[in-house]
Structures are given as structure tokens and as C-alpha cells.
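J.: Sequence first, predicted model second:
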Amino acid sequence: MKHGRKVPKLQRDAAHRKALLANLVCALVEHRRIRTTLAKAKAVRPLAEKMITLGKRGDLHARRTAISELRQTGTVKKLFEDIAPASKDRQGGYTRIIKLGQRRSDSAPMAFIEWVDAYVPPAPKSEEAAADVVTVEEPASAEEAAPKKKRATKKAAEATAE
């Protein structure tokens, strides 16, 4: 009988599978979104959600349990300080899996797995791009909005002034 045998084996022995899942959770904590196969994403989801539950508890025993599972203290610190507090009002379902389609080389189904509450869009790629962007405050009324539409970057403003 196969009762209670719902662990996806991923064609690995137990030690390799445990290390793989711990590394995937660490990558998910560090990058907040990872691209992997659908089977691995579905296998990593329960472990990631257990780590968030430990992070929401926040006591010393929960921290030590997370370190014993993930084996990276810096990742556990980021999990407990950044990601878990963002999900404090949520009762479960901390991760989201987005299907991407087939991988070109071997047609394996691919997916993104990401945090529901703690996802941050990627920053500008270079420091110059970040320095060029000018923040424009929202006007209080529609009359003030009309003349300020063309203020996007410093370089564009200098180019129109010349």
C-alpha cells in the first residue's frame, strides 16, 4: 500500500533530494523568484511555506530549526527579517507557481516560483540608469498634471533644452 507516500522523489536519493530542496529554498529567499522545472517547484513549495511559518514564529527554536534545514545562516536571517514579516497577515499560501511552458532543449515543463507578498521587481541594471531616472511627484489636481508630462529623464530634458 502506498499510503503516506506523497513525497516527489525527483529521481534522486533522499540525501540528494533534501540538499536540492534546501538549495532551492535558499535561492528563493535570496532572489525572491526562481525559474525551475514544474516538478521541482511543486516539491519545493511545502518546504518554503514551512520556512515562512518558522519565520513568522520568530523565536530561537524556530531559527535553529530553519538553520538545520537550510544550512545557511545568512539566508535564514534574511528569511526571518525580510520575507516572513511581509506575510504576517497571511494564513498560508505564501508562494505562487506560474507555469512558463516547455524548455526548448528537453521539453521539460518550466515554472516560476515566487513569494506572494515579498516579491520586489528587479532594480535598474546599471548605476547610470538609476541616476538618470528622475522621480516626478504626483500633482494634486489635473491642471498641474498637463505641463509636467514630458519630464522622464535628465538626458531627455537636456536634449530638448539644446
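T.: Perfect, I can see it now. In this text, all values refer to a predicted model and were calculated from it rather than measured experimentally.

J.: Tell me where the longest helix sits in the protein.
T.: Ranked by number of residues, the top helix in the chain under DSSP state H is helix 38-57.

J.: Show me what counts as buried in stretch 42-49.
T.: 43, 44, 45, 47, 48, 49 (16 or more other C-beta atoms under 10 Å). C-beta here means a position set from N, CA and C on the backbone, and glycine is covered the same way.

J.: Now the second one: closest residue in space that isn't a chain neighbour?
T.: Closest residue in space to residue 44, ignoring its immediate chain neighbours: residue 24 at 4.5 Å, by C-beta to C-beta, 6 or more residues apart in numbering.

J.: what about that neighbour, which SS state?
T.: Using DSSP: H, G, I helix; E, B strand; the rest coil, the structure places residue 24 in helix.

J.: Could you tell me which residues make contact with it?
T.: Residue 24 makes contacts with 34, 36, 40, 44, as judged by C-beta atoms under 8 Å, 6 or more residues apart in numbering.

J.: Burial check on the second one, number of neighbours?
T.: The criterion is other C-beta atoms under 10 Å. On that basis, residue 36 has 20 neighbouring residues.

J.: just the first one next, same as before
T.: Using other C-beta under 10 Å, the number of residues around residue 34 comes to 19.

J.: ok, it touching residue 23?
T.: No: the pair residue 34 / residue 23 is not scored as a contact, 10.3 Å apart, by C-beta atoms under 8 Å.

J.: ok, which stretches of this protein are strands?
T.: With DSSP state E as the criterion, the chain has strands at 33-37, 95-102, 109-115.

J.: Export these as a markdown table, with columns for mean pLDDT.
T.: Formatted as a markdown table, those follow (pLDDT from 0 to 100):
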| stretch | mean pLDDT |
| --- | --- |
| strand 33-37 | 96 |
| strand 95-102 | 96 |
| strand 109-115 | 96 |
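
J.: Any idea which residue is closest to the centre of the protein?
T.: Geometric centre of the chain, nearest residue: residue 32, 1.6 Å, by C-alpha atoms, centre = their mean.

J.: quick one: pLDDT of that one?
T.: Residue 32 carries a pLDDT value of 94.

J.: now residue 127
T.: On the pLDDT scale, residue 127 gets 59.

J.: do the same with residue 89
T.: Note for residue 89: predicted pLDDT of 92.

J.: burial count for it?
T.: 7.

J.: And it, how far from residue 115?
T.: 14 Å (C-beta to C-beta, to the nearest Å).

J.: what sits opposite the closest residue to residue 99 other than its chain neighbours in the beta ladder?
T.: Once flanking residues are discounted, residue 99 sits nearest to residue 111: 5.1 Å by C-beta to C-beta, 6+ apart. Counting by DSSP bridges, residue 111 is bridged to residue 36, residue 99.
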